[in-house]
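> Just a sequence and a predicted model for now, questions to come.
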2 protein chains.
Amino acid sequence: MSKSTLAVIAAVSAATGAAVTAAMYSLRSSDKKTTEIITTSTKTLIKPPVGAAAPVSASQVFSSTRTAVPAAAAALNAPVNPAGLFEYGFPGPVSDIASRQALISSFDRRLRNPQWVVEHITPASLAARDGDRKNSAFREDDMVPDKFRAKLKDYFRSGYDRGHQVPAADCKWSQQAMDDTFYLTNMCPQVGEGFNRDYWAHFEDFCRRLTNTYPSVRIVTGPLYLPRRDPQDNKFYVRYEVIGNPPNVAVPTHFYKVIFAEDAKSAAGGPVAIGAFVLPNAPIPNEKPITDFEVPVEAVERASGLEFATKLPVQRRKRLCADTTCSLVIKEYADRQKAFAKGGGSRLN
Amino acid sequence: MSKSTLAVIAAVSAATGAAVTAAMYSLRSSDKKTTEIITTSTKTLIKPPVGAAAPVSASQVFSSTRTAVPAAAAALNAPVNPAGLFEYGFPGPVSDIASRQALISSFDRRLRNPQWVVEHITPASLAARDGDRKNSAFREDDMVPDKFRAKLKDYFRSGYDRGHQVPAADCKWSQQAMDDTFYLTNMCPQVGEGFNRDYWAHFEDFCRRLTNTYPSVRIVTGPLYLPRRDPQDNKFYVRYEVIGNPPNVAVPTHFYKVIFAEDAKSAAGGPVAIGAFVLPNAPIPNEKPITDFEVPVEAVERASGLEFATKLPVQRRKRLCADTTCSLVIKEYADRQKAFAKGGGSRLN
């Protein structure tokens, strides 16, 4: 059955004319493989990696068991106990959170990309130079269970860069910090020319230059998968590529950054300058002002399902691009490559 | 700026030829609205609904604060503290879990659909008839913060049914249980004719008939968004519609059910019959065998990012469709409507 399912779904689609010919992520696993993976997963649950949040277990959420019907249900004489299913395990979703020197990341097991990656830069952290990108290598993150992990082979010949969410160039202050940025849990597939190697790099440079004005800058970066209107039928559709074979890692349509720029008074309850930006994962001409991509924080929240700054009262917020000048400094790629070579290594995959 | 961002992104797309003309979920909110929504969200965090899992707060995950650099980082003399961002709030994602009499649901704030909905049926629960579907009404779930909530207006004139994940017909044992199934957190946009009102309904009937063989049946149901190969460029893409204006609720490409059929020995460590099925959200001819849609549980796990039965040892598992006959009984829609009318109300929106 498992081998034929794909073909059958395809046949149904063809028969009905519906565009639902599905490529399952994997229909080819033998029972043996399933066992191995479940074992791996259990191991992860038993021994969470250092710094990772423990997955929410059913028993934390529901105290009821099959033998002990929940008090509320019993009182109402309910003939069923849906929570009993969790005796077999809680479905999740689990966000694999990695807390490293350079960054903290939260991983989306369905799309195989981070949901967000958090970093902190200061004038001092950027001035220190003890890490060199040429000593770092891209690597899979075995904090994530194998069946949900982004793999190096998924990116190989995909046409996309392994795009750092927390930039390597922000983490030259130690080799460990630099290495931390090379986990695939800090990567998304990004368009290389015109984006990752160009406009997005200039945008990252803009973030670093904010430390000339603010003594502490916190940045949340992550992918988005946004709908667009189809001119044919005027309806909205989300469409994104999935790289790997079988398909494994989603290619985001956009990326966001939410920037918190702090001054000396911010930690003591003073104002914080906030800027939110959403850029398409596509070539962007260098002459485009970065302010064209500025959005309200809430727009990123609605698009990502996340919330930023829920504990920061509105009266403490000010708009970054009203507080300082938001503009990029364009360094051509060849020049930057030279600069990187000095700092060590190439931006290319 | 907020009004022009969309146009600007569109212009960039046009200029570069990239298909990234984005419709943000909302770029129109005023600051005032943001405030209200954050207040709502905070309220939810302070007073979680009965049975809901408390969202993971940053302090549970990270004990570090801005003033107290984490021990590990301090020991390594790290010049930065990424976790300091969580002083402004933890980004999430939060799965809004509703624990009701009839079901437990987990909500995806990004796609505005449930991730999974869990139910339990028995011969006794299906025999009881104290609930009537004509007394129930579809309703938005205010357990979910407004900005992430699926709305009735999103479904209105969308062309899709409000498709129950836990079927109303499984919950006739009380009016409250029946009502529980009508929250939009138990719905996904489903193709009506040929699917929700036909093949999918027959499949739900199959699940109920399992109680003729098994004294206890547990079912997890939810949406999937699966890639398919584009014949033009041979690459894999996920494409799904998003209904509402502005676009709000994703239209799944497929739906899964993972079924756990228990006998008298299951609760005492005996075997459990498991069946996993993935059906396209599209018309399916009634003559298609349901076994054509059977998949390994792991296929649903890879596609959904969830895990089922991690605590159920492999030696306790048996394959449902080897243990019993998996086949549908086709009742035509008109006949079923009559039956429903007796039981109360229509399946239609």
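Happy to help now that I have it.
> A:S125 contacts B:P82, doesn't it?
No: contact criterion C-beta atoms under 8 Å: A:S125 and B:P82 do not qualify, at 10.7 Å. (C-beta placed from N, C-alpha, C; glycine too.)
> So the two - more neighbours on which side?
Ranked by neighbour count (other C-beta atoms under 10 Å in any protein chain shown), A:S125 and B:P82 place B:P82 first, with 28 against 23.
> check contacts around that one.
A:S99, A:A102, A:L103, A:I104, A:V118, A:E119, A:H120, A:R218 (C-beta atoms under 8 Å, 6 or more residues apart in numbering or on different chains).
> neighbours of A:P215, just the number please.
So A:P215, with other C-beta under 10 Å, has 15 neighbours.
> same check, this time on the one 4 residues further on
Residues contacting A:I219 under the criterion other C-beta under 10 Å number 26.
> that's a strand at it, yeah?
Yes: counting by DSSP: H, G, I helix; E, B strand; the rest coil, A:I219 is found in a strand.
> On the pLDDT front, check it for me.
Per-residue pLDDT puts A:I219 at 98.
> Which residues does it form beta bridges with?
Residues in a beta bridge with A:I219, per DSSP bridges, are A:E119, A:I259.
> how about TSV for the contacts of B:P82, with neighbour count added?
Output for the contacts of B:P82, formatted as TSV (neighbours: other C-beta atoms under 10 Å in any protein chain shown):
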residue	neighbour count
A:S99	21
A:A102	29
A:L103	27
A:I104	24
A:V118	25
A:E119	27
A:H120	25
A:R218	27
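> out of these, who's nearest A:D130?
Closest to A:D130 out of the contacts of B:P82 is A:A102 (12.4 Å), distances taken as C-beta to C-beta.
> for that closest one, helix, strand, or coil?
Quick answer, by three-state DSSP: A:A102 is coil.
> didn't it look like it was pressed against A:Y183?
No: at 9.8 Å, A:A102 does not count as touching A:Y183 under the criterion of C-beta under 8 Å.
> For the closest residue to chain B within the stretch 51-200 of chain A, which residues are in contact?
For the stretch 51-200 of chain A, the residue closest to chain B is A:R110, as judged by C-beta to the nearest C-beta, at 3.1 Å. When contacts are counted by C-beta under 8 Å, 6+ apart, A:R110 touches A:P93, A:F148, B:A303, B:S304, B:G305.
> Would you state the strands of chain A in chain order?
A:96-99, A:104-108, A:113-121, A:161-164, A:187-190, A:216-224, A:228-229, A:236-243, A:249-250, A:254-262, A:272-280, A:294-295, A:317-319 (DSSP state E).
> Assess the claim that A:L320 and A:G275 are in contact.
Yes: in this structure, A:L320 is within contact of A:G275 by C-beta under 8 Å, at 3.1 Å.
> Which segments of chain A make up each domain?
A:1-47, A:56-91, A:96-343 (automatic domain parsing).
> pLDDT (mean, whole number) over the shortest one?
Along domain A:56-91, the predicted confidence averages to a pLDDT of 64.
> Which pLDDT value goes with the spatially most central residue of chain A?
Of all residues in chain A, the one closest to the mean position by C-alpha atoms, centre = their mean is A:P114, 2.2 Å from it. For A:P114, the pLDDT comes out at 98.
> Show me what it is bridged to.
Residues in beta-bridge contact with A:P114 (DSSP bridges): A:F107.
> Stretch A:205-218 near chain B at all?
Yes: applying C-beta under 8 Å from any C-beta of the partner chain, one finds stretch A:205-218 in contact with chain B at A:R218.
> Report the buried residues of that stretch.
A:D205, A:F206, A:C207, A:R208, A:R209, A:L210, A:T211, A:Y214, A:S216, A:V217, A:R218 (16 or more other C-beta atoms under 10 Å in any protein chain shown).
> Same check on stretch A:116-136?
A:116-122, A:125-126, A:128, A:131, A:133, A:136.
> how about those, which pair is most distant?
A:W116 and A:A128 (25.1 Å).
> and the gap between the residue of the stretch 51-200 of chain A closest to chain B and A:I243?
Using C-beta to C-beta, to the nearest Å, we find A:R110 at a distance of 15 Å from A:I243.
> just to revisit the earlier point, most surrounded residue in the contacts of A:R110?
In those, the most neighbours by other C-beta under 10 Å go to B:S304, 27 neighbours.
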